[in-house]
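S.K.: structure for this input, please:
(2 chains)
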2 protein chains.
Amino acid sequence: MSKEFAPTERTKVKRIPKRGNFDRETIYSILDEGFVCHVGFTANNQTFVIPTGYARRGDTLLIHGSSASRMMRNLAGGIDVCVTVTLIDGLVLARSAFHHSVNYRSVVIFGKAKLVEDENEKLEALYAFTEHIVPNRWNEIREPNELELKATTVLSLPLEEASAKIRTGDPVDDDDDYALDVWAGVIPLKVQAEKPQDDSRLKDGISAPDYVANYER
Amino acid sequence: MSKEFAPTERTKVKRIPKRGNFDRETIYSILDEGFVCHVGFTANNQTFVIPTGYARRGDTLLIHGSSASRMMRNLAGGIDVCVTVTLIDGLVLARSAFHHSVNYRSVVIFGKAKLVEDENEKLEALYAFTEHIVPNRWNEIREPNELELKATTVLSLPLEEASAKIRTGDPVDDDDDYALDVWAGVIPLKVQAEKPQDDSRLKDGISAPDYVANYER
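M.R.: A predicted model of the protein is given here:
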């Protein structure tokens, strides 16, 4: 598998080319840090954008069907999708309104998503979703039974056509504006885990395991 | 304007109807808390999902055209879009793999987005974007000049067909599973602002104003 995705007509970054990135390792690191994607598809001449969970497994993106399933369940042959994952790293405050921006890392993937129908593959996908969001969780919990696997919709999307867009660092102001008496810089933003909340029906004597108490994204 | 959006064939929440919400105030509060949306549209038979900034102004969503502009700039007549805003509130850890979930609030909007071409309207949109992301910022910074306004792509989308989906609270396990010796509960997630980073070219003697130093989303 090549280290770089080949740019295509639809993944080329046209407006600010220097923000474009086709490096597989970079793209996978963004996919592995996020856990909610936005799946775009067209059905009955209507475009839908649905947020849902995902996990990467090698060169495949596994997508949790969830609410998209009403559109997709009859489409075992596959459906063209555009899947986007966006991480927000900071607010970029320039001296001029025009140059305000956001530091972000996003990935856009194009391809044909197929329904995963095999039960073992579904089981592996559920494992991947769970471990992707909360590592070490799977070993503790009850695994899915046959009925639950049947009720689970999983889509599989090959990672063949993808690109990243990344903005980092300071604001970039017009030369003249650097003389203005205005604070400029970046407010970093981070997804922070707060103190875990016990389920109201938690059995006595069970406390949050380390991987929960010290959860970091 | 009615307090509830009317459900339509495409905004009805079919899979878990109790998560659906058409209340205008609820939907607007979600839009006002987020600041990045995912815009879905179809061009040349291809669905695109593009992350970009937005702000709400009354019953209109203003969308920053940015990278979507290559697709949209010739479409002054309007383009059908699906705009989705997703806020992640927590990870829901159940006793069974199947019932793991995410607490979230999302809004999906359908409609026809139009290019904003009037310079005053564009100026008002830039004001709205800036103040939506960083309240109190506008008064300090250099306002856009004519060239910058020309270079700015703004789309306007009437808030007429929208719905929210919300999940809150504890995991919901199968009755039998509550007896398992497994921790269950919620890991709350929050977007946290970290210490502001001065621009490397910041003039001496300027420190971050209160609205930056104490920024909260």
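
S.K.: ends of stretch A:145-156, what's the gap?
M.R.: End-to-end distance of stretch A:145-156 (CA to CA, to the nearest Å): 21 Å.

S.K.: er, stretch A:16-35 I mean
M.R.: Chord length of stretch A:16-35, first to last residue, is 26 Å (CA to CA).

S.K.: mind checking how far it is from the chain centre?
M.R.: 11 Å (CA atoms, centre = their mean, to the nearest Å).

S.K.: okay, buried residues for the lengthiest helix in chain A please.
M.R.: For chain A, the helix reaching the highest residue count under DSSP state H is reported as helix A:119-133. Neighbour counts over helix A:119-133 (16 or more other CB atoms under 10 Å in any protein chain shown) mark A:122-123, A:125-130, A:132-133 as buried. To be clear about C-beta, it is placed using only N, CA and C from the backbone, and glycine gets the same treatment.

S.K.: please enumerate the strands of chain A.
M.R.: Counting by DSSP state E, one finds strands in chain A at the ranges A:20-21, A:36-43, A:46-57, A:60-64, A:79-93, A:101-115, A:154-158, A:161-167, A:185-193, A:197-198.

S.K.: could you check the angle the longest helix of chain A makes with strand A:101-115?
M.R.: Taking axes from the mean of the first three to the mean of the last three CA atoms, to 10 degrees, one finds that helix A:119-133 is oriented at 170 degrees with respect to strand A:101-115.

S.K.: averaged pLDDT, helix A:119-133. What do you get?
M.R.: Within the predicted structure, the mean pLDDT of helix A:119-133 is 95.

S.K.: is it in proximity to chain B?
M.R.: Yes. For a cut-off given as CB under 8 Å from any CB of the partner chain, helix A:119-133 has contacts with chain B, namely A:126-127, A:129-130, A:133.

S.K.: so where's chain A uncertain?
M.R.: Along chain A, segments meeting pLDDT under 70 span A:1, A:13-15, A:66-77.

S.K.: which non-adjacent residue is nearest the most far-flung residue of chain A relative to its centre?
M.R.: Among the C-alpha atoms of chain A, the one farthest from their average position, using CA atoms, centre = their mean, is that of residue A:179, at 39.6 Å. With sequence-adjacent residues excluded and distances taken as CB to CB, 6 or more residues apart in numbering or on different chains, residue A:179 is closest to residue B:203, at 7.6 Å.

S.K.: before we move on, what about residue A:114?
M.R.: Leaving out its chain neighbours, the residue that sits closest to residue A:114 by CB to CB, 6+ apart is residue A:78, at 4.6 Å.

S.K.: that neighbour contacts residue A:116, correct?
M.R.: No. With contacts counted by CB atoms under 8 Å, residue A:78 stays clear of residue A:116, the gap being 11.5 Å.

S.K.: which one of these two has more residues nearby?
M.R.: For residue A:78 versus residue A:116, neighbours defined as other CB atoms under 10 Å in any protein chain shown are more numerous around residue A:116 (21 against 15).

S.K.: residues contacting the more buried one?
M.R.: A:62, A:122, A:125, A:154-156 (CB atoms under 8 Å, 6 or more residues apart in numbering or on different chains).

S.K.: tell me which of those is nearest to residue A:82?
M.R.: Within those, distances to residue A:82 taken as CB to CB reach their minimum at residue A:155, with 13.0 Å.

S.K.: next, count neighbours for the closest one.
M.R.: Residues contacting residue A:155 under the criterion other CB under 10 Å number 27.

S.K.: would you confirm that it contacts residue A:60?
M.R.: No. Applying CB under 8 Å as the test, residue A:155 and residue A:60 come out as separate, 10.2 Å apart.

S.K.: quick one, what contacts residue A:81?
M.R.: Contacts here follow CB under 8 Å, 6+ apart; on that basis residue A:81 touches A:39-41, A:109-113, A:155, A:157, B:47.

S.K.: most neighbours among the residues you listed, which one?
M.R.: Looking at the contacts of residue A:81 with neighbours defined as other CB under 10 Å, the largest count falls to residue A:39 at 33 neighbours.
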